[in-house]
Each structure stands twice: as C-alpha cells, then as structure tokens.
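> Generate a structure from the sequence data that follows.
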Amino acid sequence: MRNEVKSFEVKVDSSTVRLTITLNQEVVNNGNKPVIFLNDSLELRGIRLSKSQNTYSTGSKLVSEYYGESVNTSLEWNELHNYLNKPSPPSDKVRILMPNESMKSEDVIGIELPKEAHKGKGNFTDERESWANIKQLSSIWLQTNNQVWSLNLETNGKARDKLKFGKKLLTVNN
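Model prediction:
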C-alpha cells in the first residue's frame, strides 16, 4: 500500500481545527498469489497521526481514530457469505488483484482537533493532541488502516479471526 497526499487543508473555528487530507492510494500485489478484495475499493477504516515513523512507540501518538465496522452477525452477512461461496466469486462483489497488478483509489480524511490543549475529561479532546502543539512539529506521520476483507464474512465463533473463508476463496481461485 502506498499513499500520497494530494491535498491538505486546515480550517480553524473558535474552538476546533479541522484537517482535511486527500490521499491518492495504490495497492500493488507484490506476491505470487491473487489477493481478493471485497468490492472494488480500499475502504479506509482508520488513521493514526504520530510524531515518528514508528507510530506505536511510546509518546508518539498524536491522533488515533478507527471508524470501521464492528462485529455483525446479522442475516445480511450470512447471505453475502453464501453469495460469495462459489468457485468464482461474483465480480460485482469482489475484485481479484493478480500478481504484479495494482489498484488505485482516492480517499478523503477529516480530522477534528482541539485548537488549544485542554485539561479534564468528557470529550474527544482528551484523546488527541491539540492543533497548537501539532503545528509546532517539523513533521508528522500518517498511517492508514484500510479494510480489504470484512471479518463479518467469516464464520461465527472462535475461528472468526483466522479468515478461513477468505483463504478458501483464494485457494479456489488460484
């Protein structure tokens, strides 16, 4: 996955600052097996701004957001699972990225920050650095979290995190 910042905009109001980042995203299959994506997009599910390239090092986090799906066991996911469970999954639901093939997309990220540092509890400002502190940094790192396969398509229960269904589809189509 490669991301390139296409544009960066800052809007300031009385108490918050909104950062709008437009990204050009490209994923390249550098492996020797096809990769199955649910639908034809790279769904952005979260971001992390940090002070260093090692986004998980102590004291590096500036902002961390996740806006992906939660575990959902509703009938619609079982129906989609059954719809995909074919020797060749329907092309209207999946994209198969062959070795050395790439897929591009554009995504817009909106991040709200407190304008000034706040003390206290009870709102989002406690979990993110203020714009006043961030704008003093010489550089910041942006990490994206993209979803290519929903855990909700996997079977319920303990094996849900093992992605057996997705691997089965990959094996059938290889």
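> any idea how far the nearest residue in space to residue 100 that is not next to it in sequence is from residue 103?
Take residue 100 and drop its neighbours on the chain: the residue closest to it by Cβ to Cβ, 6 or more residues apart in numbering is residue 29, 6.6 Å away. C-beta: built from backbone N, CA, C; applies to glycine. Using Cβ to Cβ, to the nearest Å, we find residue 29 at a distance of 9 Å from residue 103.
> for residue 129, same thing?
For residue 129, the distance to residue 103 equals 33 Å [Cβ to Cβ].
> swap in residue 144?
Noted for residue 144: a distance of 15 Å to residue 103, by Cβ to Cβ.
> What of residue 35?
Applying Cβ to Cβ, the value for residue 35 to residue 103 is 9 Å.
> Can you work out which residues contact both of those two?
Shared contacts of residue 35 and residue 103, defined by Cβ atoms under 8 Å, 6 or more residues apart in numbering, are found at residue 97.
> so where's this protein shaky on pLDDT?
For the chain, applying pLDDT under 70 flags the ranges 40-41, 55-58, 118-127, 149, 151, 154-174.
> more crowded one of residue 35 and residue 103?
Legend: neighbour count by other Cβ atoms under 10 Å for residue 35 and residue 103, higher for residue 35 (20 against 17).
> I'd like to know the beta-bridge partner residues of that one.
Counting by DSSP bridges, residue 35 forms beta bridges with residue 97.
> Just to check, it is in contact with residue 28?
No: using Cβ atoms under 8 Å, residue 35 is not in contact with residue 28; the gap is 10.0 Å.
> Going along the chain, name the helices of this protein.
Applying DSSP state H to the chain gives helices spanning 75-84, 131-134, 164-172.
> before we move on, back to that, find residues that contact each of residue 29 and residue 103.
With Cβ under 8 Å, 6+ apart as the test, residue 29 and residue 103 both reach residue 97.
> Name whatever forms a beta bridge with residue 21.
In this entry, residue 21 is beta-bridged to residue 8, residue 109, by DSSP bridges.
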